[in-house]
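*Asks:* Prediction below, plus the sequence it came from.
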Amino acid sequence: MSSSSAPYQDRVRANRMGPSSLCCVRCRQRLCVCAEIPRVETRTRFVILRHTAERNKPSNTAHFAALALPNCELAEYGTEGAPFDEARLPTGPGTFVLYPDEAAPATGLELPQRIIVLDGSWSQARRMRQRILALRGLPFITLPAPTQARRRLRRPVHASGMSTLEAIARAIALYEGDALAAPLDHLHDALVAASL
Ligand SMILES: [Zn+2]
């Protein structure tokens, strides 16, 4: 029997489980979804700036974006006793901030070299944007609001009505094509299904 057709429980056992939490140590879900995590190679580099309050929430989707995208790094913001080092944020030409701001001018379709994604509640994202000096002056990317109602892990944290994983998928669709973004949409749906 090939691994792809193995029973789901076997796939769960194939991943190391944390001794105390009984969650998969990689995807951090009680029902492992690692088999659903695609590898999506983007030309744009994503830098996710995650508010520390999001870190241990099972519904946080930034973790999955980081697992699926080789060209992505996850930085933590707001950790107690660990001031954020702004020097680690890219700021050069071709760097954009993915942020829902209706007042932001529409962006062109030139491929961004880097996209910084703010991951947190609406108010946390707004505070990060205000307090992190390195973000000032960077152009925004705004995304069209989703046209389809879909199940989500929680009420969207982005004012645009999307989770962080969905927002990244939409940005990839916008600049690198729907086909590259589709596996991330499938992953999102798998996460929702696993949480029901
Ligand atoms: Zn897993």
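*Replies:* All right, it came through fine. Keep in mind that this is a model prediction, so the values were computed, not measured.

*Asks:* tally of neighbours for Pro58?
*Replies:* Number of residues near Pro58 (other C-beta atoms under 10 Å) recorded here: 15. (Each C-beta comes from the backbone N, C-alpha and C, glycine too.)

*Asks:* For it, give me the pLDDT.
*Replies:* We have a pLDDT of 76 for Pro58.

*Asks:* per-domain residue ranges of the protein.
*Replies:* Using automatic domain parsing, the domain parsing of the chain gives 1-32, 36-195.

*Asks:* Show the residue spans covered by the strands in this structure.
*Replies:* For the chain, applying DSSP state E gives strands covering 45-51, 72-77, 95-98, 114-119, 140-141.

*Asks:* The ion: which of those is closest?
*Replies:* The closest of the strands of the chain to the ion is strand 72-77. By C-beta to the ion, the value is 16.7 Å.

*Asks:* which stretch in the domains of the chain is the model least sure about?
*Replies:* Note on the domains of the chain: domain 1-32 shows the lowest mean pLDDT, a mean of 58.

*Asks:* Please, where are all the helices along this protein?
*Replies:* 8-14, 62-68, 122-131, 164-176, 178-195 (DSSP state H).

*Asks:* Within range of the ion, give me the residues from this structure.
*Replies:* 15, 24, 26-27, 32, 34 (C-beta under 5 Å from the ion).

*Asks:* Out of these, who's the most crowded?
*Replies:* Cys32 (24 neighbours).

*Asks:* Check the gap between that one and Ala190 for me.
*Replies:* 11 Å (C-beta to C-beta, to the nearest Å).

*Asks:* One more: Ala125?
*Replies:* 25 Å.

*Asks:* neighbour-wise, which of these two wins?
*Replies:* More neighbours surround Ala125 than the other of Ala125 and Ala190, with 22 against 16 (other C-beta under 10 Å).

*Asks:* Not counting residues beside it along the chain, what's closest to the more buried one?
*Replies:* Of all residues not flanking Ala125 in the chain, Leu118 sits nearest, at 4.2 Å (C-beta to C-beta, 6 or more residues apart in numbering).

*Asks:* how about that neighbour, what does it touch?
*Replies:* Residues counted as contacts of Leu118 (C-beta atoms under 8 Å, 6 or more residues apart in numbering) are 49, 97-99, 125, 128-129.

*Asks:* Now His51: closest residue in space, sequence neighbours ignored.
*Replies:* Per C-beta to C-beta, 6+ apart, closest to His51 is Gly120, 3.3 Å.

*Asks:* doesn't Ala53 make contact with that neighbour?
*Replies:* Yes: if you go by C-beta atoms under 8 Å, Gly120 and Ala53 touch, sitting 6.8 Å apart.

*Asks:* quick one, which of those two is more surrounded?
*Replies:* Neighbour comparison, Gly120 and Ala53: the larger count goes to Gly120, with 23 against 13 (by other C-beta under 10 Å).
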